[in-house]
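Novice: Got a sequence here, can you build the structure:
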Amino acid sequence: MCNNCAENSKYWDAFEEITADWTGDQSALIPTLQKLQDAYGYLPKDIIARLSERTGIFVSQIMGVVTFYSQFRLAPTGKHIIKICFGTACHVIGAENIADAICHELGIQLGGTTEDGLFTVESVACIGCCSLAPVIMIGTEAHGRLTPETARAVIRAFRAREVETACVN
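Specialist: Residues are numbered from 1 along each chain as shown. Below you'll find the predicted structure:
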């Protein structure tokens, strides 16, 4: 986020606002973590440490919750998240080949983020577009009936649009 976040008061503003009304009710931990992740884009280690101090919940307990639920992230994500469907229809028709092609195209592993911070690739249980299997989502755009070749083409086209947009701005 920043090079010296501990000294950056703006960095902590969201944390203070989100945790200001902490009542000690441990059942509020998950909603609090969700709000913190929404504010920071992920759950930085220093935020988790300060949450532990604020709530009295051990860091190990917070980490147990964070690592149990797949919704939480401990590292920043790319600007665009590519979700590869591994539901039954997609799996049977070749989701693994699509994932391999996309990861190879981007030079990362499933779950990783590109060095330029543009893409994060995730697997999901189902996108709900079974008739388009195999399917991926990039943001809110669904791309279906993919082959490894068309999946690579989608990624290249998306990257080209991103570069074009950056050049205009």
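
Novice: Excluding chain neighbours, what is closest to Ala142?
Specialist: Nearest residue to Ala142, sequence neighbours excluded (C-beta to C-beta, 6 or more residues apart in numbering): Cys129, at 5.4 Å. Using the backbone N, CA and C atoms, a C-beta is placed for each residue, glycine as well.

Novice: Could you check how many residues crowd around that neighbour?
Specialist: 19 (other C-beta atoms under 10 Å).

Novice: Looks like it contacts Lys83 (just checking).
Specialist: No - Cys129 is beyond contact range of Lys83, at 10.7 Å (criterion: C-beta atoms under 8 Å).

Novice: And Glu96, which helix or strand is it part of?
Specialist: Assigned by DSSP states H and E, Glu96 falls within helix 95-106.

Novice: any idea of the mean pLDDT in that helix?
Specialist: Helix 95-106 shows a mean pLDDT of 98.

Novice: So which elements touch the helix-or-strand element of the chain with minimal mean pLDDT?
Specialist: Least confident element among the helices and strands of the chain, by mean pLDDT, DSSP states H and E: helix 148-168 (a mean of 89). Helix 148-168 sits against strand 80-85, helix 95-106, strand 136-138, strand 141-143, with contacts defined as 3 or more C-beta pairs under 8 Å, 6 or more residues apart in numbering; DSSP states H and E.

Novice: Recalculate using a threshold of 7 Å.
Specialist: helix 95-106 (3 or more C-beta pairs under 7 Å, 6 or more residues apart in numbering; DSSP states H and E).

Novice: in the helix it packs on, what's buried?
Specialist: By 16 or more other C-beta atoms under 10 Å, the buried positions in helix 95-106 come out as Ala95, Ile98, Ala99, Ala101, Ile102, Cys103, Glu105, Leu106.

Novice: So which of those residues is the closest to Ser123?
Specialist: Ser123 lies nearest to Ala99 out of those, by C-beta to C-beta, at 6.8 Å.
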